[in-house]
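[1] Quick one, structure for this:
(2 chains)
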Amino acid sequence: AQSVAQPEDQVNVAEGNPLTVKCTYSVSGNPYLFWYVQYPNRGLQFLLKYITGDNLVKGSYGFEAEFNKSQTSFHLKKPSALVSDSALYFCAVRVHDSGAGSYQLTFGKGTKLSVIP
Amino acid sequence: GAVVSQHPSRVICKSGTSVKIECRSLDFQATTMFWYRQFPKQSLMLMATSNEGSKATYEQGVEKDKFLINHASLTLSTLTVTSAHPEDSSFYICSVAPRDRGLEQYFGPGTRLTVT
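    You can find the predicted model right below:
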């Protein structure tokens, strides 16, 4: 079974400072990894994904994430946080599996990011 | 990217009534759609996988007769909450896995259901 852990319920960072939102995963095969952002009472918006290739993935709104296979991590980062980045962030994993149910994503519990002006 | 719409965005209904939520894929044909529910301050929990032209696949613990899913076309899936109860109050989100875009899921804006 696959699982995703986001160890921090909340992350607070000052505007302009770098931010990191942590994510670790557990899968039996090769993972596809995703980050999504959710604003209040809204659906999820895609930020970035790791499929294969470079371990550093760049996504929307200046976010990036680094895939670390040995540590089974996929932390989300941004060099300089904006107040508008304040939202709920979800990490998700999908196994590279062509069988039934291969589209299923397993989500972490989410991390609330608050950027303080 | 794909645009996914949900209707209604908010609904309030009385206990015992049924509510239908629509999920439409506006840019892609979607053989597969997913239905999630999200409780306050919690993650998304997959309820079922909706497959066009066939029966939905429900996750363990999800009542098939209570949460009816119909995926009648490549652009529309519906979730009907039958005989709703206050504990069914939640945020329901659908996602689309477009054909030939198997790695991507695109999410709808969600439907807030409140059962009084």
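[2] quick one: contacts for the residue most central in space within chain B?
    Nearest residue to the geometric centre of chain B (CA atoms, centre = their mean): B:Trp35, 3.6 Å. Residues counted as contacts of B:Trp35 (CB atoms under 8 Å, 6 or more residues apart in numbering or on different chains) are B:23, B:46-48, B:50, B:67, B:69, B:77, B:79, B:92-94. Placement of C-beta: from N, CA and C, glycine included.
[3] A:Ala65 too?
    A:23, A:33, A:35, A:48, A:50, A:56-57, A:59, A:74-77 are the contacts of A:Ala65 under CB under 8 Å, 6+ apart.
[4] Could you list everything it pairs with in the sheet?
    A:Val57, A:Leu76 (DSSP bridges).
[5] how far away is it from chain B?
    15 Å (CB to the nearest CB, to the nearest Å).
[6] quick one: the strand or helix carrying A:Phe90 to chain centroid distance?
    For A:Phe90, the host element (DSSP states H and E) is strand A:87-95. Chain-centre distance of strand A:87-95: 5 Å, with CA atoms, centre = their mean, to the nearest Å.
[7] Return a PyMOL selection command for the buried portion of the contacts of A:Ala65.
    In PyMOL, this line selects whichever of the contacts of A:Ala65 come out buried by 16 or more other CB atoms under 10 Å in any protein chain shown:
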select buried, chain A and resi 23+33+35+48+50+57+59+74+75+76
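[8] Pull the most distant pair out of the contacts of A:Ala65.
    The distance between the two most remote of those (CB to CB) is 14.7 Å, for A:Cys23 and A:Leu56.
[9] ok, now which ones touch A:Asp85?
    By CB under 8 Å, 6+ apart, the contact set of A:Asp85 is A:19, A:61, A:78, A:113, A:115.
[10] hmm, 7 Å instead?
    If you count contacts by CB atoms under 7 Å, 6 or more residues apart in numbering or on different chains, A:Asp85 has them with A:78, A:113, A:115.
[11] pLDDT and secondary structure added to those residues, as a markdown table?
    A markdown table is the format used below for the contacts of A:Asp85 (pLDDT from 0 to 100; DSSP: H, G, I helix; E, B strand; the rest coil):
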| residue | pLDDT | secondary structure |
| --- | --- | --- |
| A:Lys78 | 98 | strand |
| A:Leu113 | 97 | strand |
| A:Val115 | 97 | strand |
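[12] Buried ones among the residues you listed?
    A:78, A:113, A:115.
[13] And the first one, how far from chain B?
    Separation of A:Lys78 from chain B (CB to the nearest CB): 21 Å.
[14] What of the last one?
    Here A:Val115 is placed at a distance of 19 Å from chain B (CB to the nearest CB).
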